[in-house]
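Q: here is the input, now give the coordinates:
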Amino acid sequence: MSTSMSTKDRYRNRIELLQGTLDMLILQTLQWGPQHGYGIVQALRVQSGEVLQVETGSLYPALHRLERQGWVRSEWKQTESNQRARYYRITASGKRQLVSDLSRWERIVEAIGSIMHGRPEEGEA
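A: Numbering: from 1, shown residues only. I've put the predicted structure just below:
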């Protein structure tokens, strides 16, 4: 039996990494204060210098996932334009999760940076 990852496992890890990254970004955005879905999308877009364009088809499943985990709470409120919208806020548990996610993210970024900017040791290439 091979010890390498199956295609299915690699795909699942990729999806978990992408979901985990989006979850982390949403939690970070909510650290700045409660927000409705459109506000979260706008904050991610603006703070990323227009690079990150999160679609609602990705945002709302992520918000529901975060709510099921207890990392986010929501309530209906009136927006500035007097429309009803669901506002999300980060919980204490969500703040702890964000610290953990950020630590993991920094390790991943460092590892990728080492690969992208490093040179193979003698005999590795």
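Q: contacts and neighbour counts: CA atoms only from here.
A: OK.
Q: sec struct for residue 80, please.
A: Put simply, residue 80 is coil when judged by DSSP: H, G, I helix; E, B strand; the rest coil.
Q: now do the phi/psi pair for it.
A: Dihedral pair for residue 80: phi -60, psi -30, per degrees, to the nearest 10.
Q: how close does it get to residue 36?
A: Using C-alpha to C-alpha, to the nearest Å, residue 80 is found at 11 Å from residue 36.
Q: so between these two, which is more surrounded?
A: Neighbours were counted for residue 80 and for residue 36 using other C-alpha atoms under 10 Å; residue 36 has more, 19 against 7.
Q: I'd say the more buried one and residue 84 touch.
A: No. Counting by C-alpha atoms under 8 Å, residue 84 is not a contact partner of residue 36; they are 9.9 Å apart.
Q: could I get the full set of strands for this protein?
A: 35-36, 72-78, 84-90 (DSSP state E).
Q: figure out which of those is closest to residue 56.
A: Among the strands of the chain, the nearest to residue 56 by C-alpha to C-alpha is strand 35-36 (11.8 Å).
Q: and for that closest one, what's in contact with it?
A: When contacts are defined by C-alpha atoms under 8 Å, 6 or more residues apart in numbering, strand 35-36 is touched by residues 85, 86, 87, 88, 89.
Q: contact partners for residue 101?
A: By C-alpha under 8 Å, 6+ apart, the contact list for residue 101 reads 20, 24.
Q: from residue 71, how far off is it?
A: Going from residue 101 to residue 71 by C-alpha to C-alpha gives 12 Å.
Q: okay, now the nearest residue to residue 43 once chain neighbours are set aside: neighbour count?
A: Sequence neighbours aside, residue 29 is the residue nearest to residue 43 in space, at 6.9 Å (criterion: C-alpha to C-alpha, 6 or more residues apart in numbering). Counted with other C-alpha under 10 Å, residues neighbouring residue 29 total 20.
Q: hmm, residue 29 is touching residue 40, no?
A: Yes. Between residue 29 and residue 40 a contact is recorded at 6.6 Å, counting by C-alpha under 8 Å.
Q: read off the pLDDT value for the residue nearest the centre of the chain.
A: The centroid of the chain falls nearest to residue 22 when counting by C-alpha atoms, centre = their mean (2.2 Å). On pLDDT, residue 22 comes in at 93.
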